[in-house]
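J.: Curious how this folds, go ahead:
(one chain, ligands or ions: 1)
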Amino acid sequence: MDNVNELDLLQDVAVLTEQIMNIESVSGNEREIADQVHQALLKLEHLEVHRDQDAIVARTNFGRERRVVLAGHLDTVPLPRTEGAKGTVPAQVIDGVLYGRGATDMKGGVAVQLALAAELKDAKYDVTYVFYDHEEVEAAKSGLGRLAKNSPELLEADFAILLEPTNGTVEGGCNGTSRFVIRTHGKAAHSGRAWMGHNAIHDAAPILQRLADYQPQTITVQGLDYREGMNAVRISGGIAGNVIPDYCEVEVNYRFAPDKTLAQAEALVFDLFEGFEIERTDGAEGAKPGLDQEIAADLIRILGQEPKPKYGWTDVSRFSALGVSAVNFGPGDALLAHSDDEHVAQEDIRTCLKSLRSWLS
Ligand SMILES: N[C@@H](CCC[C@H](NC(=O)CCC(=O)O)C(=O)O)C(=O)O
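T.: Here you go, the predicted structure:
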């Protein structure tokens, strides 16, 4: 008997989005959604389907000269902690707007990929659909990185589109991202006799001051203005309410424009926190927009919208490193990504599908 939950790829793409939003897939928990996507793709006879853990690749063999990749990740950031937040699981539809975790980042995009995979039995280009796990976490866990290592031939193409949220326009390139842990050390003591110890949390004050004083830059690369960011994203220290803390860690996330390499970004952060113990714990380079490439220019012309920069980090970076020029284009407003009321208009998902259908036809 057919699984009652199986995905119907030919239904309204907004309803398909809602169906896949209802499969919770916080990074590390992508097995169920990957199984559903895999099962649905295996039924399509015009596709050759491969699987690597929770990443799935489906390729057409139309015999075209050029091949494009449509790629999207299956995972989301964790569910909101705030009670009553609408950006959670299950999804809700309110006045034509779909609320829930992954609404913008990026189950609408994944639904568009699935709809195209099912309906396009011929196209201007051969198409490789890539769905993968572990995008929202440290680069070392990336499902796309694993695919690139295990089966690079499956990702070969002339161009790639990452269906990350871009609100109806192309977002070119992406900022790089890097994480650092800065540590201070003290001496534990009874907090009733604090003079016997040394407070490591107090020693972190100048770290926070340097962050508060830092003026993030905006850097123009190939005509697009990339806004950088330098922020504390986590702070921890102390073991109890009556003990002077003997350690403190501040985690800093530096988002850097694609004019810099990861090594240059690291040097800038090490310089900013000179005198402190500091370690880089993660990092991924950005990507330059490269919008003058013929296929990208064709897409931009069909959409008729001015391209914008991508401020988040996306796998255009990984495709660029593989020698495949790539852009971001998908439904939803990236400004809502990861927010407590993440949402997307149902109509935006339908419009994105129409745009890509007409580009590929
Ligand atoms: N390995 C990176 C992964 C971070 C990915 C994430 N990307 C997005 O949110 C794309 C959405 C957008 O901006 O349109 C990010 O930028 O945090 C890492 O761990 O940082």
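J.: Quick check: phi and psi at Glu285.
T.: phi -70, psi 160 (degrees, to the nearest 10).
J.: Please tell me I have it right and it contacts Asn175.
T.: No. The pair Glu285 / Asn175 is not scored as a contact, 9.7 Å apart, by CB atoms under 8 Å. The way it works is simple: take the backbone N, C-alpha and C, and place the C-beta from them, glycine included.
J.: Please enumerate the helices of this structure.
T.: With helices called from DSSP state H, the chain shows them at 13-21, 31-42, 108-119, 143-150, 200-203, 205-213, 262-272, 294-303, 316-321, 346-360.
J.: wait, which of those helices is closest to Gly96?
T.: helix 346-360 (5.3 Å; CB to CB).
J.: Go through the closest one and flag the buried ones.
T.: Gln346, Asp348, Ile349, Arg350, Cys352, Leu353, Ser355, Leu356, Trp359, Leu360 (16 or more other CB atoms under 10 Å).
J.: swap in stretch 129-148?
T.: Buried positions in stretch 129-148, judged by neighbour count with 16+ other CB under 10 Å: 129-136, 139, 142-148.
J.: Is the ligand within reach of it?
T.: Yes. Under the criterion of CB under 6 Å from any ligand atom, stretch 129-148 makes contact with the ligand via Glu135, Glu136, Val137, Glu138, Ala139.
J.: Could you do stretch 99-109 as well?
T.: Yes. Against the ligand, stretch 99-109 shows contacts by CB under 6 Å from any ligand atom at Asp105.
J.: average pLDDT for that stretch?
T.: Taken as a whole, stretch 99-109 carries a mean pLDDT of 98.
J.: and if you look at stretch 257-274?
T.: On average, stretch 257-274 scores 98.
J.: ok, and what's touching that stretch?
T.: 173-176, 178, 180, 182, 207, 210, 214, 217-219, 221, 226, 228, 230, 252, 254, 256, 278, 280, 283-289 (CB atoms under 8 Å, 6 or more residues apart in numbering).
J.: Contact residues of the stretch 1-150 of the chain facing the ligand?
T.: Counting by CB under 6 Å from any ligand atom, the stretch 1-150 of the chain sits next to the ligand at Asp105, Glu135, Glu136, Val137, Glu138, Ala139.
J.: Now, these that are in strands?
T.: Using DSSP state E, no member of these sits in strands.
J.: Could I get the contacting residues of Cys144?
T.: For residue 144 the amino acid is Leu, not Cys. Counting by CB under 8 Å, 6+ apart, the residues that Leu144 touches are Ala55, Ala71, His73, Val130, Tyr132, Glu135, Leu155, Asp315, Arg318.
J.: Look up which residues are beta-bridged to the first one.
T.: So that's Ala55. For Ala55, the beta-bridge partners are Asp52 (DSSP bridges).
J.: Residue of the stretch 251-361 of the chain nearest the ligand, please.
T.: Gly312 (2.0 Å; CB to the nearest ligand atom).
J.: Show me the protein divided up by domain.
T.: Using automatic domain parsing, the domain parsing of the chain gives 3-174+287-360, 176-284.
J.: so which of the ones you listed is the most packed in?
T.: Stretch with highest mean neighbour count among the domains of the chain: domain 3-174+287-360 (a mean of 20; mean count of other CB atoms under 10 Å).
J.: can you give me how far it is from the chain middle?
T.: 10 Å (CA atoms, centre = their mean, to the nearest Å).
J.: now stretch 249-259
T.: That offset, for stretch 249-259, works out to 16 Å (CA atoms, centre = their mean).
J.: quick thing: my sequence starts at 23, can you match it?
T.: OK, 23 is where the count begins now, so the last one is stretch 271-281.
J.: Is the ligand within reach of that stretch?
T.: No. If you take CB under 6 Å from any ligand atom as the test, stretch 271-281 misses the ligand, and the best it gets is 7.3 Å.
J.: Send over that stretch as CSV, restricted to the C-alpha atoms.
T.: Taking C-alpha atoms only, stretch 271-281 is exported to CSV below (Å, rounded to 0.1, in the frame of the first residue of the first chain):
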residue,chain,number,x,y,z
GLU,A,271,34.4,31.9,26.2
VAL,A,272,33.0,34.4,23.7
GLU,A,273,32.1,33.0,20.3
VAL,A,274,32.4,35.6,17.5
ASN,A,275,31.0,35.2,14.0
TYR,A,276,32.7,37.4,11.4
ARG,A,277,30.8,37.6,8.1
PHE,A,278,33.2,38.9,5.4
ALA,A,279,32.8,40.2,1.9
PRO,A,280,33.9,38.0,-1.0
ASP,A,281,36.9,40.3,-1.7
